[in-house]
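Return a 3D structure for these sequence lines:
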Amino acid sequence: MITITESLKQALAECGLSQRRLERESGVNRNSIFRFMEGRTGLSLEQAEMLAAYFGLVLVPESQVKKPRKG
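From the prediction side, this is the model:
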């Protein structure tokens, strides 16, 4: 199962936007984004929610995630 951190890092890495533009559009400080991407710090819950909303990511209970069938 992919973590919230991994999902956000993947979305940030793949978006192709500058950290300055991400800051402007998502409302999350670019220094926080930089330190998060470098693995030097985590994000506050508020920052994670802001980025998740910006990228259209939604948290759902694991019980609602369809697991691939084996075989």
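
Show me the helices in the protein, by range?
4-15, 19-26, 30-37, 45-55 (DSSP state H).

Relative to residue 66, which of those helices is closest?
Among those, helix 4-15 comes nearest to residue 66, with 16.7 Å by CB to CB. C-beta here means a position set from N, CA and C on the backbone, and glycine is covered the same way.

Low-confidence regions, the chain specifically.
Within the chain, the ranges that satisfy pLDDT under 70 run 71.

Now tell me what touches stretch 29-48 from outside.
Outside stretch 29-48, the residues that touch it by CB atoms under 8 Å, 6 or more residues apart in numbering are 4, 5, 8, 9, 12, 13, 19, 20, 22, 23, 28, 51.

The nearest residue to the fourth one once chain neighbours are set aside: how many residues sit nearby?
It stands for residue 9. Closest residue in space to residue 9, ignoring its immediate chain neighbours: residue 37 at 6.5 Å, by CB to CB, 6 or more residues apart in numbering. Neighbourhood size, residue 37 [other CB atoms under 10 Å]: 13.

on that earlier part again, switch the helices of the chain over to TSV; also include distance to residue 68.
TSV is the format used below for the helices of the chain (distance: least, CB to CB, whole Å):
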stretch	distance to residue 68
helix 4-15	18
helix 19-26	32
helix 30-37	29
helix 45-55	24
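
Figure out which of these is closest to residue 65.
Per CB to CB, nearest to residue 65 of the helices of the chain: helix 4-15, 12.6 Å.

Counting by contacts, list what the closest one packs against.
Applying 3 or more CB pairs under 8 Å, 6 or more residues apart in numbering; DSSP states H and E, one finds that helix 4-15 makes contact with helix 30-37, helix 45-55.
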